[in-house]
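Chemist: sequence unavailable; structure follows:
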C-alpha cells in the first residue's frame, strides 16, 4: 500500500476528493492482497465472536506469533472484492484514531473467503454489556466522549460511518475507559448514495426509514449524529427508544410530539424523563427530526460536565454512596471469559476451511 494515497485520506487533503482518494487506495491495495489456500495457514481459528448478514468474525491467533486478533471473513459468494477492499482500506486509513478499531495488514483471499484482521476487544461489543441494565454515569460519558471524537475524526476526513449502533462499538475494559467504533462495511465518502435499509432499524433516522427501494439518500454526517443519539439512549437504558423512527411506532410518535411542541412541555414524556435537563438537551439536539438541525457528534463534549441521569450530580461534585458502589462494581468487574478451543480448529487441512461456511440463520 503506497503511503501517498493513505495519507491523503487520513489528513483530509482538500486538494483531492475523498471518494477519488479512496478509490485510488482501493486500486493500489487490490494488487497487494495475499492469496492463501486456507486461512489456517496464517491463523489458528479459536472460536466465533459474531456473525451477521455480511460475514463472520472469529477469534484467531497468528501462526507466526503475536497477540490474538479478530478475523473478519466475507464469503466470496456474497461479498464483492470491491466491497471487501473498500472496507479494509477505510479501516486502515482511520486506524490511527484510538476511538476507531484498528485494521491490520495484509488483506487475505482464500478460495472461499476474503479476510482481514482487526485488533481484538477483550470485552466484546457494547450490546453484550447492555443485556440487563444500562451503563452507570461515568462509563456512559466515557462512551459518549470517545464516540463523539471518533465520529468527528471520520467526518473531518470526509467519511460517514452510516452504521452507528451498540453492536458496532467494541469494548476494551468493563469501565469503558476505551471503546472503539468498528465495522466500516457501510462507511462511505460524504455525498455517496445510501440505499434504503433492508428492514426496520431502530438506529436509522426518519429520512432513511422513509426511503423505498430503489431510492437512495446522499450520505451526510447528520446520519451519524442520529445514530449516536440513539446509541446514548441505549447505553443509558439498555433499550431502544423505538422499533423504527416512523409513525405509527408509539415510541417515536411520543418523541416526535415532544420534539415539535412549542413551547416544550415542562415535564418530558417517559422514557425521556429519566434523563437530566442537560442530557435531554443533548439528545434532542442529536435527534432533531430535520437533518440540518441536528447537533454534530462533538456536541457531546459541551455537556460532559453535567449530570446525564436524574438523581446523579455533576462530575465535579462526586456521586452518592450507592452510585459509587455501583460504578465500582463495573470498574472492578471481569471482562470477557477466556478463550476456548472450538471445533473451528479441529477439522484439519483435509477439509478446506471446515466449519467456515455460513453461520446458522445467516443470510
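Modeler: In hand now; what should we look at? This structure is a prediction, so every number in the text was calculated from the model and none was measured.

Chemist: for residue 49, give me its contacts.
Modeler: Residue 49 sits next to 57, 58, 59, 70, 124 when contact means CB atoms under 8 Å, 6 or more residues apart in numbering. All C-beta atoms are positioned from the backbone trio N, CA, C, and that covers glycine.

Chemist: need phi/psi at it.
Modeler: Reported as degrees, to the nearest 10, the phi and psi values for residue 49 are phi -100, psi -30.

Chemist: same question for the one 3 residues further on.
Modeler: The phi/psi pair for residue 52 (degrees, to the nearest 10) reads phi -150, psi -160.

Chemist: follow-up on the earlier one: most surrounded residue in the contacts of residue 49?
Modeler: Per-residue neighbour counts (other CB atoms under 10 Å) across these peak at residue 58, which has 25 neighbours.

Chemist: so it is in contact with residue 44, correct?
Modeler: No: at 10.1 Å, residue 58 and residue 44 do not qualify as touching, with contact defined as CB atoms under 8 Å.

Chemist: tell me the two of the contacts of residue 49 that are most distant?
Modeler: For the contacts of residue 49, the maximum inter-member distance is 13.5 Å, found between 58 and 124 (CB to CB).

Chemist: just checking, what packs against the helix or strand containing residue 230?
Modeler: Assigned by DSSP states H and E, residue 230 belongs to helix 222-237. Under the contact criterion of 3 or more CB pairs under 8 Å, 6 or more residues apart in numbering; DSSP states H and E, helix 222-237 touches helix 126-129, helix 137-156, helix 277-286.

Chemist: for the second one, packing partners?
Modeler: Helices and strands touching helix 137-156, by 3+ CB pairs under 8 Å, 6+ apart, are strand 179-181, helix 222-237, helix 321-332.

Chemist: related to what we said a few turns ago, could you identify the helix or strand that succeeds the helix holding residue 230?
Modeler: helix 250-260.

Chemist: now stretch 297-313: mean pLDDT?
Modeler: On average, the pLDDT along stretch 297-313 is 89.

Chemist: neighbouring contacts of that stretch?
Modeler: 137, 140-141, 144-145, 147-149, 151-152, 155, 221, 224-225, 228, 232, 236, 273-276, 278-279, 281-282, 285-286, 314-316, 319-320, 323.

Chemist: in PyMOL, select just the buried ones from the residues you listed.
Modeler: In PyMOL, a selection of the buried entries from the contacts of stretch 297-313 looks like this (16 or more other CB atoms under 10 Å):
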select buried, resi 137+140+141+144+145+147+148+149+151+152+155+221+224+225+228+232+236+274+275+276+278+279+281+282+285+286+319+323
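
Chemist: shaky segments in the protein?
Modeler: The chain contains residues with pLDDT under 70 at 1-16, 312-363.

Chemist: got the domain boundaries for it?
Modeler: 3-120, 130-331 (automatic domain parsing).

Chemist: centre of the chain to stretch 118-127, how far?
Modeler: Offset of stretch 118-127 from its chain centre (CA atoms, centre = their mean, to the nearest Å): 11 Å.

Chemist: now the end-to-end length of it.
Modeler: End-to-end distance for stretch 118-127, by CA to CA, to the nearest Å: 19 Å.

Chemist: in that stretch, what counts as buried?
Modeler: Residues 118, 119, 120, 121, 123, 124, 125, 126, 127 are the ones in stretch 118-127 that count as buried (16+ other CB under 10 Å).

Chemist: and the furthest pair within the residues you listed?
Modeler: The largest separation in the buried residues of stretch 118-127, counting by CB to CB, is between 119 and 127 at 18.7 Å.

Chemist: by contact count, what packs against the host helix or strand of residue 90?
Modeler: Assessed by DSSP H and E, residue 90 sits inside helix 81-93. Helix 81-93 is packed against helix 3-10, helix 18-30, strand 103-109, strand 113-119, with contacts defined by 3+ CB pairs under 8 Å, 6+ apart.

Chemist: confirm for me that residue 102 is in contact with residue 95.
Modeler: Yes: counting by CB under 8 Å, residue 102 touches residue 95, with 4.1 Å between them.

Chemist: quick one: the helix holding residue 230 to helix 250-260, angle?
Modeler: Computed by axes from the mean of the first three to the mean of the last three CA atoms, to 10 degrees, the angle separating helix 222-237 from helix 250-260 equals 110 degrees.
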